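Engineer: Dropping the sequence and predicted coords here.
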Amino acid sequence: MTDATKTATISIGGKTQELPIMQGTIGPDVVDIAKLYGESKVFTFDPGFTSTAACKSAITYIDGDEGILLYRGYPIEQLAMEGDFLESSYLLYYGELPTPAQRKKFVHDITHHTMIHEQMVLFFRGFRRDAHPMAVMVAMVGALSAFYHDSTDINDPRQREIASHRMIAKLPTIAAMTYKYHVGQPFVYPQNHLSYAENFLHMCFAVPCEEYKVNPVLAKAMDRIFTLHADHEQNASTSTVRLAGSSGANPFACIAAGIACLWGPAHGGANEAALKMLEEIGTVDKIPVFIEKVKDKSSNVRLMGFGHRVYKNYDPRAKILQASAHEVFEALGKQDDPLLDVARELERIALSDPYFIDRKLYPNVDFYSGIILRALGFPTSMFTVLFALARTVGWISQWKEMIEDPSQRIGRPRQLYVGPTKRDYVPMGKR
Ligand code: CMC
């Protein structure tokens, strides 16, 4: 809301303009610059959006200095430890925790949308087996819009809801099939009697020739990873989904755009990069040399899984995953895995080194998630796929919020033009 008692004054070339200040429920106030260009003929310049709120949102709140993450007001620690992923999904999408009856219906609706059109199954066969699973995901999720025409009318609230349910339900199936195709095993179809996380692990790791029983500790860890990754405010991929959606594109296409953005190593690809880094370091005695390389700016080496644009404190998700990693390794009888030792020691050294302290670089969600996913049996190439699966509910909730906002307009940033000024075309013979 706008606080009429507070305004910001900007003076440009002797002309003064009053800018309204908006207040959220928590978090920094926002200077409303929407009329700045109209009256003062200047744009603002903020590449990387470090000081720019791109939208209003009531979904997720982050206090990066304090290390706080809330979904609809509820602390992530409580949701991850006491609830489960589908409950958080309901919360993110509808705004409140479900009643028992609402939960039952939601779980039923999601469970009964898990199969994908059989024609889509044939699509997989067009890919090379060595294609990166994220390349397959971008294509398969985009392809949903070619199969589910009855839920692409963004102006129909019921179609929006069905498309959203379909994506929350089908992403695990698509992700598991992507994995099976990658490793050359037959697809395993969803099982409706299993929970969301159990069903996913079953589709990934069951094979037709053997019975596969899902370990409940591993299913819980998987579910927790999904909950922790479900939403994270206006990050790069969420902003991509919103920008794609602002043009009126269908929700399947928007989520495919989000997946493409998530793929990058500075965003969702970091868990893959973090694990590769741990594997490259290999043993605890190699850590000091690696840390020196990270601190040497000419090396361009970063400590992957450390640092965050918003968190200047311990990422609350990393804390939960650190504990989860221990549970998983214990359940698998792998407490002495050297990778876990390297991660713990790397964290200890980095947290006491002035380079990292001065820059407020702490472990982020990707530091421990890769170790857990590897222990669960996933190859590194699947890590970002799992992130995409979990983030789908956040993306779709943010997309829905945007579409339902009556003030929504197409997103159209401006620029500071630094190219040549107007000049005449030179014919080929005179160049
Ligand atoms: N290792 C070493 N130095 C770092 C790191 C790191 N991981 N991260 C930042 N720095 C240094 C950087 O060199 C710079 O130093 P100086 O001031 O001397 O030039 C300073 O810290 C500020 O860095 P920045 O690049 O301006 O910070 P940013 O907010 O643009 O970058 C980040 C945030 C996440 C891209 C970055 O910290 C990074 O590259 N981390 C490693 C990749 C990673 O783990 N990404 C996952 C993010 S969490 C999951 C998600 O949201 O997708």
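Structural biologist: Received, thanks.
Engineer: Show me what from the stretch 101-250 of the chain comes close to the ligand.
Structural biologist: Near the ligand, the residues belonging to the stretch 101-250 of the chain are 232, 235 when assessed by C-beta under 6 Å from any ligand atom. All C-beta spots, glycine's among them, are computed from the backbone N, C-alpha and C.
Engineer: and the longest strand for this structure?
Structural biologist: strand 2-12 (DSSP state E).
Engineer: what comes into contact with that strand?
Structural biologist: Contact with strand 2-12 is made by 16-23, 29, 31-32, 36, 40, 42, as judged by C-beta atoms under 8 Å, 6 or more residues apart in numbering.
Engineer: where does Met1 land on pLDDT?
Structural biologist: Predicted confidence (pLDDT) for Met1: 68.
Engineer: Would you write a ChimeraX line that selects the buried entries of the contacts of strand 2-12?
Structural biologist: Buried members of the contacts of strand 2-12 can be picked out in ChimeraX with the line below, counting by 16 or more other C-beta atoms under 10 Å:
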select :17,19,20,21,31,36,40
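Engineer: Just the ones of the contacts of strand 2-12 in strands?
Structural biologist: Short answer: these in strands (DSSP E) are 16-22, 31.
Engineer: Just name the closest of those residues to the ligand, please.
Structural biologist: Nearest to the ligand among these: Val31, at 21.5 Å, using C-beta to the nearest ligand atom.
Engineer: contacting residues around that closest one?
Structural biologist: Counting by C-beta under 8 Å, 6+ apart, Val31 has contacts 8, 19-22.
Engineer: Arrange those residues in CSV, one row each, with distance to the ligand and pLDDT as further columns.
Structural biologist: Formatted as CSV, those follow (distance: C-beta to the nearest ligand atom, whole Å; pLDDT from 0 to 100):
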residue, distance to the ligand, pLDDT
Ala8, 25, 96
Leu19, 26, 96
Pro20, 29, 96
Ile21, 25, 97
Met22, 24, 96
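Engineer: re the thing from before, show me the two of the ones in strands among the contacts of strand 2-12 that sit farthest apart.
Structural biologist: Spatially, the most separated pair among those is Thr16 and Met22, at 20.0 Å (C-beta to C-beta).
Engineer: Mind jotting down where the helices sit in the stretch 1-150 of the chain?
Structural biologist: Using DSSP state H, counting those that start in this stretch, the helices assigned to the stretch 1-150 of the chain run over residues 36-40, 76-82, 85-94, 100-111, 118-124, 133-147.
Engineer: Can you name every helix or strand that the fourth one contacts?
Structural biologist: Read it as helix 100-111. helix 85-94, helix 157-183 (3 or more C-beta pairs under 8 Å, 6 or more residues apart in numbering; DSSP states H and E).
Engineer: again, 10 Å this time
Structural biologist: For helix 100-111, the packing partners by 3 or more C-beta pairs under 10 Å, 6 or more residues apart in numbering; DSSP states H and E come out as helix 85-94, helix 157-183, helix 196-205.
Engineer: Which elements pack onto the very next helix or strand once past the last one?
Structural biologist: Using DSSP states H and E, the helix or strand that follows helix 196-205 towards the C-terminus is helix 216-228. In terms of contact count using 3+ C-beta pairs under 10 Å, 6+ apart, helix 216-228 is assigned the packing partners helix 76-82, helix 85-94, helix 196-205, helix 316-331, helix 365-376, helix 383-403.
Engineer: Report the buried residues of the fourth one.
Structural biologist: Neighbour-count burial for helix 316-331 flags 316-322, 324-325, 328-329 (criterion: 16+ other C-beta under 10 Å).
Engineer: out of those residues, what pair is the most spread apart?
Structural biologist: Going by C-beta to C-beta, the pair spanning these furthest: Pro316 and Phe329, at 21.2 Å.
Engineer: May I see the helices and strands packed on helix 100-111 organised as CSV, with mean pLDDT and mean neighbour count added?
Structural biologist: As requested, the helices and strands packed on helix 100-111 are exported to CSV (pLDDT from 0 to 100; neighbours: other C-beta atoms under 10 Å):
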stretch, mean pLDDT, mean neighbour count
helix 85-94, 98, 23
helix 157-183, 97, 21
helix 196-205, 98, 23
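Engineer: Show me the one of these that comes nearest Asp424.
Structural biologist: Across the helices and strands packed on helix 100-111, closest to Asp424 is helix 157-183 (C-beta to C-beta), at 50.3 Å.
Engineer: Output the contacting helices and strands for that closest one.
Structural biologist: Counting by 3+ C-beta pairs under 10 Å, 6+ apart, helix 157-183 packs on helix 85-94, helix 100-111, helix 118-124, helix 133-147, helix 196-205, helix 251-262, helix 383-403.
Engineer: okay, those in CSV with distance to Asp296 next?
Structural biologist: Shown next, in CSV, are these (distance: least, C-beta to C-beta, whole Å):
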stretch, distance to Asp296
helix 85-94, 41
helix 100-111, 49
helix 118-124, 44
helix 133-147, 30
helix 196-205, 40
helix 251-262, 29
helix 383-403, 27
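Engineer: what does the model give the residue nearest to Gly184 when sequence neighbours are not counted for pLDDT?
Structural biologist: For Gly184, ignoring the flanking residues on the chain, the nearest one in space by C-beta to C-beta, 6 or more residues apart in numbering is Arg129 at 6.2 Å. For Arg129, the pLDDT comes out at 94.
Engineer: nearest spatial neighbour of whichever residue of the stretch 201-350 of the chain sits closest to the ligand, skipping sequence neighbours?
Structural biologist: Nearest residue of the stretch 201-350 of the chain to the ligand (C-beta to the nearest ligand atom) works out as Gly307 at 2.4 Å. If the residues on either side of it in the chain are set aside, Gly307 comes closest to Leu361, at 4.3 Å by C-beta to C-beta, 6+ apart.
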